[in-house]
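Novice: below are the sequence and a predicted model; questions follow.
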Amino acid sequence: MSKTVSSVVCETNQILGKNQENVFFHSLYRLPNEYSRSFVRTAHSTSPIQICAVFSAQGNDTLSAMALQEAMKNLHAIVNQVEMRSVLDFESFSAQVTTALNNVICNMSLANNQAPLRVSMTMAIIEGDTLRIISIGNTKALLYRGGRLISLTEEQTQAHSYVQMGVIPKEAEATHPDRNTLTQYLGRFPQEGPILPEKKVHMKLCDGDEIILLGTGITQGLKPQMIGALVAKPTQPETKASELVSLAMQMGTNYGLTAAVMLIESTLILPGDANLMGAAAPVAAVPTPVAPIDGTRVAPTLSQEDVLADNVEENGNDESDVSRVSEEDEGKEKKKRLMKNILIPICIFAACFLIGFGGMYVLFNAGHWKDSKVTTEPTVNTNDVMNQVMYSLGDSTPLYVEESLESNILLYLTRGEAVTMLATNASFSKVITSSGVTGYCITAMISAEDPTIGETLPIMEADPTPASITEQSETAPTDTLPSETTLPPVTSEETTVPSTDASVPTDPSNTEPSTSPSETTAPTTEPSEPTTTAPSETTTASTEEI
């Protein structure tokens, strides 16, 4: 659990029609009779669950204030139930708070002729040393850690959605007319859609962290640089909260002036110390910041006898004071003994469980570790396999980049393809192909003997040449016959005459058809009369000249 010092300041709204605000502060909240003055509270707490929230309502001033009062009452009842538990079910708590408060606001609106009411809420929940945030609307939560101011929420407004979509720049959001138009809020009816909190933060706290919750007036009236410079000052939480409100008022903001600052003094508080600190530092109930009353707080440097003596001198009642202090000490000793009696057996049980579980895990997995060690041994290079020619035993034998079936495949080896082995082990062999590609293939997929030796090619049973190609090949010599007979020169009449007689048809009627195709088409099956006659005349002329 965490030890915290928290302070809150909530000023009265001074402008009609602007946001009405209220604050839930360690089970306290602003009552109607306190609206005429500033609401200022400071608290020291070591409770296992600590809750602080800021609310801001848009609508009619009186109706908004009444709606916030009803919301505070319901939240107070829910928190009282949660604080009695040792562990917080955050998801269930978040849904319960959102649903209950939304119903309160909606019922208030229906009871007043459906007057519009829209409420923003930012809640900080400290569970032990863990911080959680629930944010709806445009109130804000910040974290100051290590000199840095970190925003834990984003505004759920129409203008901010424009910034997220890139419609307008971030600098234009502050002056955009839709800056106060909420996209998510309490008071949302079912027909308007579900309520979706902007963010649920889950983070571990550190000593010295400061959580700041701000109302709408401060977030819109002060720049982030101004807030960061003020929070960075080494002052107490009540001073920072008051200065934030005062600075916003100086900048001209007269509404939405709510600031809550929670300082994490320590995140390592034992249950016994928590009870002591809780009794010594009650929540202050005065309107101005006051220091916590120490009462009977025991200083760590004083002995028990010195404390008893001081109490006797201050109060003048020896017997009553001594008996009261003795009872308190006895009660603390009982609690310490009880904690020891509970924690020591738990620690022993946990240690025995871890030792037994670890031993059984090692015992049952030793064999697997040995096998994995054998299979993951690096490739062993031997002189026997170096530069040995191996052959692929099947088609599509993969060649991998690395010694793993999950690695990329360089190429596939065909059946009988030769490779040179560079190294091998039981699973993979490193080889190089004839084209110079080096990779790894499965050892069982290669062999020193060529699997294709002795194999014969299948005998072709039929001619695969198409019929059209056969017919063209048969007619090709005939088509070239006229060109072959006309090109060589004929030296004697005896050789020319027989060819002429053979080419001339016996029937005179068939001469005309045979001559006509030869004049128009070059390739023919029979030589035409003009073709054979021309060489004969040329030959005769040559003979006569001789």
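Specialist: Done, it's in. Numbering: from 1, shown residues only.

Novice: quick check: residue 444 vs residue 176, distance?
Specialist: Separation of residue 444 from residue 176 (Cβ to Cβ, to the nearest Å) stands at 72 Å. Every C-beta, even on glycine, is put in place using the N, C-alpha and C of the backbone.

Novice: repeat for residue 201
Specialist: Taken as Cβ to Cβ, the span from residue 201 to residue 176 is 26 Å.

Novice: ok, residue 428 next?
Specialist: Distance from residue 428 to residue 176, by Cβ to Cβ: 65 Å.

Novice: re earlier: more crowded one of residue 444 and residue 176?
Specialist: Set side by side, residue 444 and residue 176 show more neighbours around residue 176, with 17 against 11, by other Cβ atoms under 10 Å.

Novice: quick check: the more buried one touching residue 167?
Specialist: No. Assessed by Cβ atoms under 8 Å, residue 176 is found out of contact with residue 167, at 9.9 Å.

Novice: so what's residue 446 up against?
Specialist: Going by Cβ atoms under 8 Å, 6 or more residues apart in numbering, residue 446 touches 390-393, 397, 419, 421, 429, 431.

Novice: show the pLDDT at residue 262.
Specialist: With respect to pLDDT, residue 262 has a value of 94.

Novice: could you pull out the helices for this protein?
Specialist: Assigned by DSSP state H, the chain shows helices spanning 61-83, 90-111, 158-165, 216-221, 224-231, 237-250, 271-280, 304-315, 318-375, 467-486, 493-503, 511-520, 529-545.

Novice: the fourth one packs against which elements?
Specialist: Using 3 or more Cβ pairs under 8 Å, 6 or more residues apart in numbering; DSSP states H and E as the contact definition, the elements that helix 216-221 packs against are helix 237-250, strand 258-266.

Novice: identify the residues contacting the longest one?
Specialist: The list of residues contacting helix 237-250 from outside it, by Cβ under 8 Å, 6+ apart, reads 5-9, 11, 40, 42, 210, 212, 214, 217-218, 221-222, 226-227, 230-231, 233, 235, 257-263, 289.

Novice: measure residue 1 to residue 343 for me?
Specialist: Counting by Cβ to Cβ, the gap from residue 1 to residue 343 is 15 Å.

Novice: these two - which one has more neighbours?
Specialist: residue 1 (21 against 10).

Novice: surely residue 137 and residue 154 touch.
Specialist: No. Using Cβ under 8 Å, residue 137 makes no contact with residue 154, being 10.8 Å away.

Novice: those two: which is more packed in?
Specialist: residue 137 (27 against 15).

Novice: next one: phi and psi at that one?
Specialist: phi 100, psi -140 (degrees, to the nearest 10).

Novice: show the contacting residues for it.
Specialist: Applying Cβ under 8 Å, 6+ apart to residue 137 gives the contacts 56, 118-122, 155-156, 182, 184-186.

Novice: just the buried ones among those, please.
Specialist: 56, 118-122, 155-156, 182, 184-186 (16 or more other Cβ atoms under 10 Å).

Novice: just to revisit the earlier point, what residues are shared contacts of residue 137 and residue 154?
Specialist: Both residue 137 and residue 154 lack any common contacting residue under the criterion Cβ under 8 Å, 6+ apart.

Novice: re earlier: got a quick ChimeraX command for the buried subset of the contacts of helix 237-250?
Specialist: In ChimeraX, this line selects whichever of those come out buried by 16+ other Cβ under 10 Å:
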select :5,6,7,8,9,11,40,42,210,212,214,217,218,221,222,227,230,231,257,258,259,260,261,262,263,289
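
Novice: got the domain ranges for this protein?
Specialist: For the chain, automatic domain parsing gives the domain ranges 3-280, 388-447.

Novice: just say which of the ones you listed is most tucked in.
Specialist: Counting by mean count of other Cβ atoms under 10 Å, domain 3-280 has the highest mean neighbour count of those, with a mean of 18.

Novice: where does the stretch 351-500 of the chain have low pLDDT?
Specialist: 367-386, 455-500 (pLDDT under 70).

Novice: swap in the stretch 201-350 of the chain?
Specialist: 269-330.

Novice: and stretch 133-147, end to end?
Specialist: Start and end residues of stretch 133-147 are separated by 21 Å (Cα to Cα, to the nearest Å).

Novice: make residue 1 into 623 and carry on from there
Specialist: Okay, using 623 as the starting number, the last item reads as stretch 755-769.

Novice: pLDDT averaged over that stretch - what is it?
Specialist: 92.

Novice: can you put the buried ones among the contacts of residue 759 in CSV and add distance to residue 691?
Specialist: Formatted as CSV, these follow (distance: Cβ to Cβ, whole Å):
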residue, distance to residue 691
678, 14
740, 17
741, 12
742, 16
743, 14
744, 19
777, 25
778, 24
804, 21
806, 22
807, 18
808, 14
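
Novice: how about residue 771: what's its closest non-neighbour residue?
Specialist: residue 850 (4.1 Å; Cβ to Cβ, 6 or more residues apart in numbering).

Novice: next: residue 676.
Specialist: Nearest in space to residue 676, with sequence neighbours left out and distances taken as Cβ to Cβ, 6+ apart, is residue 835 at 4.5 Å.

Novice: quick one, what contacts that neighbour?
Specialist: Residues in contact with residue 835 (Cβ under 8 Å, 6+ apart) are 645, 674-676, 744, 746, 761-764, 880-882, 884.

Novice: please apply the same query to residue 1018.
Specialist: Applying Cβ under 8 Å, 6+ apart, the residues near residue 1018 are 1034-1036.

Novice: which of the contacts of residue 1068 fall in strands?
Specialist: 1012-1014, 1019, 1041, 1043, 1051, 1053 (DSSP state E).

Novice: name the nearest residue to residue 888, ignoring sequence neighbours.
Specialist: residue 625 (4.5 Å).

Novice: correct me, but the one you found touches residue 885?
Specialist: No. Using Cβ under 8 Å, residue 625 is not in contact with residue 885; the gap is 9.4 Å.

Novice: what pLDDT does the model give residue 1162?
Specialist: pLDDT, residue 1162: 38.

Novice: same check on residue 1127?
Specialist: pLDDT, the model's per-residue confidence, is 43 for residue 1127.

Novice: taking the ones in strands among the contacts of residue 1068, tell me the two that lie furthest apart.
Specialist: Spanning the widest gap among the ones in strands among the contacts of residue 1068 are 1019 and 1043, at 13.7 Å by Cβ to Cβ.

Novice: which ones are touching residue 873?
Specialist: With Cβ under 8 Å, 6+ apart, residue 873 has these contacts: 843-844.

Novice: any idea how far it is from residue 691?
Specialist: On the measure of Cβ to Cβ, residue 873 and residue 691 end up 29 Å apart.

Novice: good, we can wrap up now.
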